[in-house]
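*Asks:* Predicted model and sequence below, questions to follow.
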Amino acid sequence: MQKYTDTTLQAIISHFIEGSKNYSFSPLINGLINTSFLVVTNTAPKYILQRINTDVFPNVDGLMQNITNVLHLLEHKEYAKIEFLKTKDKQAYVTTKQGAWRIMTYIKDNVVYNTTTNPQIALEAGKIISIFHYQLQKEYAKDYTDTIPDFHNLDIRRKQFVQALESTTEKRKEIAKKALNYTPTFFQVLAPLQNPKLPARVCHNDTKLNNILFSTSSNKALCLIDLDTVMKGYFFYDFGDAVRTIVNTAPEDEKDHTKITFNKDLFTAFIHGLESNSGFLSAAELKTLPLGVVFMPFIHGLRALTDYLNGNIYYQVTYENQNLDRALSLFNFAEKALAEIDFITKEITPLNKRLLLSS
Ligand code: GN1
Ligand code: MG
């Protein structure tokens with residue numbers, strides 16, 4: 001990660017806040033794409049300052065407009081409010097020599113979890129995702145900028161993978177052999193989700209567990225963060241991504257695959273949480289959910305594998321083979337989820353009766 005001095009960060013903040021002195025900055029290291037700092041004053045965290053990765057998100061205006069639209073609709077008593085500060089020129093972000101920056105309010109007493117074994121956390125995650133979708137259900141997906149076109153398009157991701165395979169070194173291919181062997185079966189299994197005949201809806205598109213804030217005191221889910229990928233999508237993307245990170249009690253780059261689990265109690269708790277807001281899904285969408293649980297870990301694994309073959313140019317890595325470890329771990333979880341597809345389907349079916357379906 002590039003280093004920024006406190007003086008540089010102070011100068012950036014001064015575009016948003018008058019007399020911004022006495023701030024200290026500490027890097028937040030959870031995200032793999034943007035660069036984030038906690039802005040602390042008088043020992044209390046106050047803001048998050050973020051440099052937007054414009055290689056990944058070139059259309060910052062469109063992206064910030066998407067976020068403004070959803071934040072407005074997410075004003076809800078059970079949903080914590082995040083506010084983005086405007087610059088002194090009333091802009092949503094500022095471009096400096098160091099890139100595009102924005103600043104948002106810090107939600108007090110929050111905690112994020114990379115993994116969980118606690119069904120209450122799984123239930124709360126389901127609840128907050130259901131509020132998000134319930135509140136956004138009437139939005140027109142076409143009014144939203146595609147901040148990353150074809151983000152979860154398996155056909156396109158497969159083409160990128162094949163390209164990487166053609167241009168990588170023999171050595172990398174050899175090292176990645178085990179991961180490469182996984183791919184043909186999954187492409188076959190997931191074919192029904194390649195071009196699903198579903199209406200697009202506005203989705204978060206990155207609903208992994210550590211993009212949900214929880215209250216430190218009550219463990220209640222507060223809100224979703226990392227809204228840069230808010231754009232059109234299918235509900236099974238958000239469903240599958242949440243499940244891949246909630247139901248698996250190991251991190252996404254776990255090397256010891258015996259630790260990778262599909263925890264049924266956590267899955268059931270998550271479904272119960274989702275049910276707390278009903279009436280926004282169609283029968284056709286509901287049908288895609290079981291396979292969605294396999295789709296999301298696989299497509300993430302495929303992207304990580306592609307990045308490994310490309311020499312780690314997309315995701316931040318802390319060691320050379322981290323993307324490969326992510327791919328192997330995600331494929332392993334996809335395999336375990338596939339083995340539970342009957343259980344998943346059985347758990348999802350009652351949602352029909354409990355009126356998750358729109359009437
Ligand atoms: C990236 O930056 P972060 O960690 O929130 C990625 C997600 C992946 C995730 C893997 C724009 O998100 O799709 O799920 O890494 N975001 C983008 O942990 O590629
Ligand atoms: Mg994040």
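*Replies:* Nice, thanks for sending it over. Ligands and ions are numbered 1, 2, ... in the order given.
*Asks:* what sits up against the strand or helix carrying residue 9?
*Replies:* Assigning secondary structure by DSSP states H and E places residue 9 in helix 6-13. Contact with helix 6-13 is made by 20-21, 23-25, 37, 39, 47, 49, 94, 96, 98, 101, 103, as judged by C-beta atoms under 8 Å, 6 or more residues apart in numbering. Just so you know, the C-beta spots here come from the backbone N, C-alpha and C atoms, and that holds for glycine as well.
*Asks:* buried set for it?
*Replies:* Residues 9, 10, 12, 13 are the ones in helix 6-13 that count as buried (16 or more other C-beta atoms under 10 Å).
*Asks:* tell me the mean pLDDT for it?
*Replies:* For helix 6-13, mean pLDDT rounds to 93.
*Asks:* same check, this time on stretch 239-257
*Replies:* Averaging pLDDT along stretch 239-257 gives 97.
*Asks:* quick one: that stretch near ligand 2?
*Replies:* No - on the criterion C-beta under 5 Å from the ion, stretch 239-257 is out of touch with ligand 2, staying 10.8 Å away.
*Asks:* Span of that stretch from start to end?
*Replies:* 23 Å (C-alpha to C-alpha, to the nearest Å).
*Asks:* How about the residue most central in space within the chain: what's its closest non-neighbour residue?
*Replies:* Centroid check for the chain by C-alpha atoms, centre = their mean gives residue 206 as the closest residue, at 1.9 Å. Distances taken as C-beta to C-beta, 6 or more residues apart in numbering put residue 229 closest to residue 206, at 4.6 Å, once the chain neighbours are dropped.
*Asks:* residues touching that neighbour, list them.
*Replies:* 147, 148, 151, 204, 205, 206.
*Asks:* and residue 277, how many neighbours?
*Replies:* 21 (other C-beta atoms under 10 Å).
*Asks:* tell me the angle of the longest strand along the chain relative to helix 6-13?
*Replies:* Taking DSSP state E as the criterion, the chain has its longest strand at strand 44-52. Put simply, strand 44-52 runs at 80 degrees to helix 6-13, going by axes from the mean of the first three to the mean of the last three C-alpha atoms, to 10 degrees.
*Asks:* do strand 44-52 and ligand 1 meet at all?
*Replies:* No - judged by C-beta under 6 Å from any ligand atom, strand 44-52 makes no contact with ligand 1; its nearest approach is 10.6 Å.
*Asks:* Start and end of stretch 14-33, how far apart?
*Replies:* Start-to-end, stretch 14-33 (C-alpha to C-alpha) is 24 Å.
*Asks:* That one vs ligand 2: in contact?
*Replies:* Yes - Stretch 14-33 comes into contact with ligand 2 (C-beta under 5 Å from the ion), by way of residue 31.
*Asks:* buried ones in that stretch?
*Replies:* 14, 15, 16, 17, 20, 23, 25, 31, 33.
*Asks:* Spell out which residues of the protein are next to ligand 1.
*Replies:* 31, 32, 33, 56, 206, 208, 226, 229, 252, 300.
*Asks:* Thanks a lot, catch you later.
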